[in-house]
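A.B. asks: just the structure for this:
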Amino acid sequence: MNHFFNSLDCDRTLIESENFKVIPSLGSIIPGWLLVVPKEFKLNFSELSVEEVIELESLVSNVKEHFYHLFDTRGVVFEHGPRVLNTKVGCSVDYAHLHVVPIELSLELIFEYGDHRLDWVQISGLSQLNEMSIKDSGYLYFRDTENFHYVSSDGDIPSQFFRRIIANQMAVPEKFNWKEFPFLENVSKTLSSFDSIKV
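C.D. replies: Residues are numbered from 1 along each chain as shown. Here you go, the predicted structure:
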């Protein structure tokens, strides 16, 4: 689990279930940015069992309800899912982690970001990931604020793809890299927000 932390604040569990925990994200470009991580090692969320997906969905729904109370949005959910170790899609973190972020992102931003247009397919949900033929380079998973699910397994996925989009939207495009810009002040704001509702 130390892949996520170089700050004690990011080692604090805000919500948990039997197999997953919710923690603040290092590199939070905005306050409220959370990660859902499995307690036991998984490389990506396509490796979950049916029972684990059901548990995860319940936990994510819980987080999104807190978002609605705190930030007036249920936010978006995404994953950079490496299929093998040491690929750029994993963003240097070869341990499954699902981002849950209180922000509105339009589909146009996701579908048309950058010079290379990724191919996206709509799916029914996380449970469908393990049924798909996904390249060894990995996949991107995205769930919008309306709970529509999309996946791309394009072979040329940029590192930190979603972080680049959010940094652009927040007018700090040069600060997308979580390793260079940890945004610890936003981590502290996240902790304060969740303390206020006594999760």
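A.B. asks: now do V37, the pLDDT please.
C.D. replies: Looking at V37, its pLDDT reads 95.
A.B. asks: and it, what are its bridge partners?
C.D. replies: Beta-bridge pairing for V37 (DSSP bridges): K21.
A.B. asks: show me what the helix or strand of the chain with the lowest mean pLDDT is packed up against.
C.D. replies: Lowest by mean pLDDT, DSSP states H and E among the helices and strands of the chain is helix 107-112, with a mean of 78. With contacts defined as 3 or more CB pairs under 8 Å, 6 or more residues apart in numbering; DSSP states H and E, the packing partners of helix 107-112 are helix 161-169. (Each C-beta comes from the backbone N, C-alpha and C, glycine too.)
A.B. asks: so for the helix it packs on, mean pLDDT?
C.D. replies: Predicted confidence along helix 161-169 averages 93 (mean pLDDT).
A.B. asks: with stretch 74-90 instead?
C.D. replies: Stretch 74-90 shows a mean pLDDT of 78.
A.B. asks: cool, and stretch 13-25?
C.D. replies: Averaging pLDDT along stretch 13-25 gives 95.
A.B. asks: which residues sit against that stretch?
C.D. replies: Around stretch 13-25, the neighbours that count as contacts under CB atoms under 8 Å, 6 or more residues apart in numbering are 4, 9-12, 33-40, 52, 55-56, 58-59, 62-63, 66, 99-100, 178, 187, 190-191, 194, 199.
A.B. asks: follow-up on the earlier one: what's the next secondary structure element after the least confident helix or strand of the chain?
C.D. replies: strand 121-123 (DSSP states H and E).
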